[in-house]
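Q: Curious how this folds, go ahead:
(3 chains)
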Amino acid sequence: MVTLSEITARFGGHCVGENAGAVQVSGFRPLESAGPEDLSFLTHPKYRDQLLITRAAAVILAPEALPDCPVPAIVTSNPYLYFARVANGLFAAPRPAAGIHPSAVVESPIPASASIGPNVWIGAHVEIGEEAVIHANVSIYPGCRLGARVLVHSGVVIGSDGFGFAKDEEGAWIKIPQTGRVIIGDDVEIGANTTIDRGALEDTVIEAGVKLDNQIQVAHNVKIGAHTAMAGCVGIAGSAKIGRRCTVGGGSIILGHLILADDVHISAGTLVGKSITTPGTYTGTVPFLEHGDWRKNFARLRHLEAMTDKIRALETRLAELEKKT
Amino acid sequence: MVTLSEITARFGGHCVGENAGAVQVSGFRPLESAGPEDLSFLTHPKYRDQLLITRAAAVILAPEALPDCPVPAIVTSNPYLYFARVANGLFAAPRPAAGIHPSAVVESPIPASASIGPNVWIGAHVEIGEEAVIHANVSIYPGCRLGARVLVHSGVVIGSDGFGFAKDEEGAWIKIPQTGRVIIGDDVEIGANTTIDRGALEDTVIEAGVKLDNQIQVAHNVKIGAHTAMAGCVGIAGSAKIGRRCTVGGGSIILGHLILADDVHISAGTLVGKSITTPGTYTGTVPFLEHGDWRKNFARLRHLEAMTDKIRALETRLAELEKKT
Amino acid sequence: MVTLSEITARFGGHCVGENAGAVQVSGFRPLESAGPEDLSFLTHPKYRDQLLITRAAAVILAPEALPDCPVPAIVTSNPYLYFARVANGLFAAPRPAAGIHPSAVVESPIPASASIGPNVWIGAHVEIGEEAVIHANVSIYPGCRLGARVLVHSGVVIGSDGFGFAKDEEGAWIKIPQTGRVIIGDDVEIGANTTIDRGALEDTVIEAGVKLDNQIQVAHNVKIGAHTAMAGCVGIAGSAKIGRRCTVGGGSIILGHLILADDVHISAGTLVGKSITTPGTYTGTVPFLEHGDWRKNFARLRHLEAMTDKIRALETRLAELEKKT
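A: Predicted structure coming up:
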């Protein structure tokens, strides 16, 4: 249990409500399920109805929402960030104990502060930063480098061969040896079953603070700039260079050898087929329809060129007629 | 070897054909490759040509197909379900032996009837149901619960952190601790390399009888209703609530915080960008074309708004002209 | 270090430049970063600017590019294939040592020339070919067969159950036992975290020389013809039959029971919803737009049928008017 005044003393903001500073909380719950020992938070006006009837002990919110709050509050300009800091500082699960699980196969020196989980494989000549956490069943191929406080979830593969082949005279594929590495900066988080291939000749590079969700595929020679975040199931083809502070929505595909500027945001499900040089949000998805409507509408997609031709013909004929009349 | 009459005695239906009940079969094969010891089945009229020339010992089929069957038959109203029951009851491979493989790292008590494969990791405070089967190289994080007869294929990750971050003043991401669990009901099957994240504050919930194919990503706080089935490579973003008896085709993406009603069917490759409140089938894919045709047609997609404007202008001019004439 | 004349003696081509045969190189680097000990290569005229200022010791190139080359050269008709052969023959990392890592769980006999990595599981009755390399944390279910020189990257799952269920009268799913195998030919390479399901009644078949990138999902009963190559995140549904020498771009989905002819090429991100009988390149993606433009344009996609109707009405009215005038 911690009091609101202990929280504001450490994280800023101020307590509002009768005797608010003395209110005790034991953790976070969402507005609708919070009870008398829970701290909650309001991050968007659309949840106002939930605020009005919340039974939380207290709520973190922005000043505008204060009049709607039936319980004590902590007022701050950015409730979501405040929630993240308090949750992280006071209520996070303890990180896995430092040390190497006896079932792990580790062929490189590891700092004493790092935590290496069960059945992990770390190949030779790998560098792992201080306080890194590598969960169970991760595979890290030889020669890769991971920074400090990197968090790698189960099933991740780092440093597998990039996909490079040349076709010979008979149509068979000749493998191009993949001799680069994977270089991962500090504070990177990598979600479950994500794969990051080693570079072909140069390195694949993930800069500091990047956050990758589950089941992302990062091909050889890709570079991802600092503090970029990607949601699940994104695929990035070889040699794409992605800027800093970008976000990429789930299931998007970024083709190879493209460049995305800093601060580019890609909507979920978008295929990025050419470089983007201007910051902004980009989208390329189709709206879904009830299946019968879809069949009628989307059949037309095969005939857009013909539709354009028909409109042009109509314009010509109409102009002709207008001249006459 | 088992006779048709033994099969119908146990599973219903009736034998048709001279001496049909005494016919012996040793397993299933498709119509076109079945031989004189094989049982086969016809599930759709489009395979009638294969039925006409099948060399199977006998065929499971619906009454309508009986006249086309050159060999003994078992007649039933739902041949595919009947096939599933017989295959399951008589010809399934033995399930893996109960017990914990010595290479597995198991930090929670496991029922004696469960089977835990090689190199599995099961963290602390996990509950595993009776007769559950966990194949090799699965990772289950602390605190998760799996029901009875759950079948988990290799490479699956259950309970990894959800993808939750708040942006700080400098543009860096502050992790939001993921303190919920994953709760999985009875009779759920989870395909190879599928990932299911733990909830942020609440739990991620997969209800009884759900079937998930390979490489599906289930984000934090998602709820999947009972008996829903999803094909490979589906991605479900955070806090989506999916109803009961839904089906989701391969490669579809369901965005976060959406609600799908019971009995909603999503076609393969569809991006579901808003909630669906009415049962039915929904589709949002584009037809492919030969590449040259695609280039001509799909370039028009960038100009649909302009086409609409042109049509509107034509309508106005034509109305003007019609008034005059 | 190796001299250019040693290279051309072994791999063909000829040296050009003063004393070129005596030039020594220690490995490959791209044109823009190559230094005085590096061999480089030019595979496309678009990199001519990099060639003009390269500091490489020598460059592999086609005869046409020779005038632009400021350093010694090896001239050959197919520089990329030549590069692949030299890199493979002289500069590849040594393959992992033959033998079974003590942490692997191997329930089948393995040829002495094969390399089985840490924490791998190989079930009973599996056949592994000569000189196969199986990296860490791979799972191979009972009964599967892998050819000679197969290379399997970490996290791959081979032989998990296909996704087959019949619906019973109450809407629950009855599992169809998956009793087929996975058969993989010689010289196949399988990328990290790719999954290949066993067949239901027949086998799933990957022919010789096929190259699969990371995170590809191959469903039950699929057949992939020799020398076909697929990029990351492709999903192939059950019983699809894919020809020889096909290529499939990243993130594409191929629906079930389809047939793709030999020499079919599918662009990245395409949903293949029907069979393709003619060799060629096929595409079905939408161009992305800045988000505001996308909203205006793509909203029209729901109204294509109405647009067609409007154009038809305009044509009728105009014809009417033209008759009058």
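
Q: From here on, just use CA atoms for contacts and neighbour counts.
A: Will do.

Q: What about the residue of the stretch 201-325 of chain A found nearest chain C, how many residues nearby?
A: Of all residues in the stretch 201-325 of chain A, residue A:284 sits closest to chain C, at 3.8 Å by C-alpha to the nearest C-alpha. Residue A:284 sits with 23 neighbouring residues when counted by other C-alpha atoms under 10 Å in any protein chain shown.

Q: Distance of it relative to chain B?
A: Applying C-alpha to the nearest C-alpha, to the nearest Å, the value for residue A:284 to chain B is 10 Å.

Q: which residue sits closest to that residue, ignoring its sequence neighbours?
A: Among residues not flanking residue A:284 along the chain, residue C:288 sits closest, at 3.8 Å (C-alpha to C-alpha, 6 or more residues apart in numbering or on different chains).

Q: Can you give me the distance of that neighbour to residue A:269?
A: Distance of residue C:288 to residue A:269, given as C-alpha to C-alpha, to the nearest Å: 10 Å.

Q: likewise residue A:38?
A: 37 Å.

Q: Next: residue A:105.
A: Distance of residue A:105 to residue A:269, given as C-alpha to C-alpha: 38 Å.

Q: Equivalent analysis for residue A:76, please.
A: On the measure of C-alpha to C-alpha, residue A:76 and residue A:269 end up 34 Å apart.

Q: With residue A:10 instead?
A: 41 Å.

Q: At the contact with chain C, which residues of the stretch 1-150 of chain A appear?
A: Proximity of the stretch 1-150 of chain A to chain C (C-alpha under 8 Å from any C-alpha of the partner chain) is limited to residues A:105, A:119, A:121, A:137-139.

Q: Around chain B, pick out the residues from the stretch 201-325 of chain A.
A: Residues of the stretch 201-325 of chain A lying near chain B by C-alpha under 8 Å from any C-alpha: A:209, A:211, A:213-215, A:227, A:231-233, A:245, A:250-251, A:268-269, A:285-291, A:294, A:298-299, A:301-305, A:308, A:311, A:314-315, A:318, A:322, A:325.

Q: In strands only, show me those.
A: The members of those that map onto strands under DSSP state E are A:211, A:289-290.

Q: If you rank those residues by neighbours, which is first?
A: Within these, residue A:211 tops the neighbour count with 27 neighbours, counted by other C-alpha under 10 Å.

Q: re earlier: which residues do residue C:288 and residue A:269 both contact?
A: A:284-285 (C-alpha atoms under 8 Å, 6 or more residues apart in numbering or on different chains).

Q: neighbour-wise, which of the two wins?
A: Set side by side, residue C:288 and residue A:269 show more neighbours around residue A:269, with 28 against 21, by other C-alpha under 10 Å.

Q: Tell me how chain A divides into domains.
A: Domains of chain A are assigned by automatic domain parsing as A:2-91, A:99-282, A:291-324.

Q: The strand or helix carrying residue A:9 packs against which elements?
A: Following DSSP states H and E, one finds residue A:9 within helix A:4-11. Other helices and strands packing on helix A:4-11, by 3 or more C-alpha pairs under 8 Å, 6 or more residues apart in numbering or on different chains; DSSP states H and E, are strand A:14-16, helix A:79-86.

Q: so where do the helices sit in the stretch 201-325 of chain A?
A: Ranges of helices in the stretch 201-325 of chain A, per DSSP state H, counting those that start in this stretch, are A:291-299, A:304-324.

Q: So which of the ones you listed is the most surrounded?
A: helix A:291-299 (a mean of 17; mean count of other C-alpha atoms under 10 Å in any protein chain shown).

Q: Which other helices and strands does that helix contact?
A: Taking 3+ C-alpha pairs under 8 Å, 6+ apart as contact, the helices and strands that helix A:291-299 lies on are strand B:280-283, helix C:304-324.

Q: redo that, cut-off 6 Å
A: Applying 3 or more C-alpha pairs under 6 Å, 6 or more residues apart in numbering or on different chains; DSSP states H and E, we find helix A:291-299 packed against strand B:280-283.

Q: got the residues of the stretch 201-325 of chain A near chain C?
A: Taking C-alpha under 6 Å from any C-alpha of the partner chain as the contact definition, the stretch 201-325 of chain A meets chain C at A:281-284, A:297.

Q: Max pairwise distance over the residues you listed: which two?
A: Pairwise distances across these peak at 26.8 Å for A:281 and A:297 (criterion: C-alpha to C-alpha).

Q: ok so, going back, and residue B:70, which of the domains of chain A is closest to it?
A: With C-alpha to C-alpha as the criterion, residue B:70 lies closest to domain A:291-324 of the domains of chain A, at 38.7 Å.
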